[in-house]
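S.K.: Whatever this is, show me its structure:
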Amino acid sequence: GRSPRRTGTALHVHANTVAQRLDRVADLLGAGWNRPERELEVQLALRLHRLRG
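M.R.: Reported below is the predicted structural model:
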């Protein structure tokens, strides 16, 4: 649902921590990493990484 508060609750961290981590992701992946087409690429890359092991 893209809610920092709910995400923080699920991860047992504060919503501000979630926001800071997302800012770091943006620093690493570049602006627009969360646009739908780019987000799909990121999700696929993470799944492939997990499958490799």
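S.K.: ok, now how distant is the residue nearest to the spatial centre of the chain from Ala10?
M.R.: Nearest to the geometric centre of the chain sits Leu22, at 6.0 Å (CA atoms, centre = their mean). According to CB to CB, to the nearest Å, Leu22 stands 14 Å off from Ala10. For every residue, glycine as well, the C-beta is placed using N, CA and C.
S.K.: Likewise for Leu29?
M.R.: To Ala10, Leu29 is 22 Å away according to CB to CB.
S.K.: These two - which one has more neighbours?
M.R.: Leu29 (14 against 10; other CB atoms under 10 Å).
S.K.: Just give the closest residue to the more buried one, not the sequence neighbours.
M.R.: Val42 (6.8 Å; CB to CB, 6 or more residues apart in numbering).
S.K.: tell me the secondary structure for the one you found?
M.R.: helix (DSSP: H, G, I helix; E, B strand; the rest coil).
S.K.: picking up where we left off before, pLDDT wise, what is the residue nearest to the centre of the chain at?
M.R.: On the pLDDT scale, Leu22 is placed at 93.
S.K.: show me the contacts for it.
M.R.: Neighbouring residues of Leu22 by CB atoms under 8 Å, 6 or more residues apart in numbering: Pro4.
S.K.: Need phi/psi at it.
M.R.: Main-chain dihedrals, Leu22, degrees, to the nearest 10: phi -70, psi -40.
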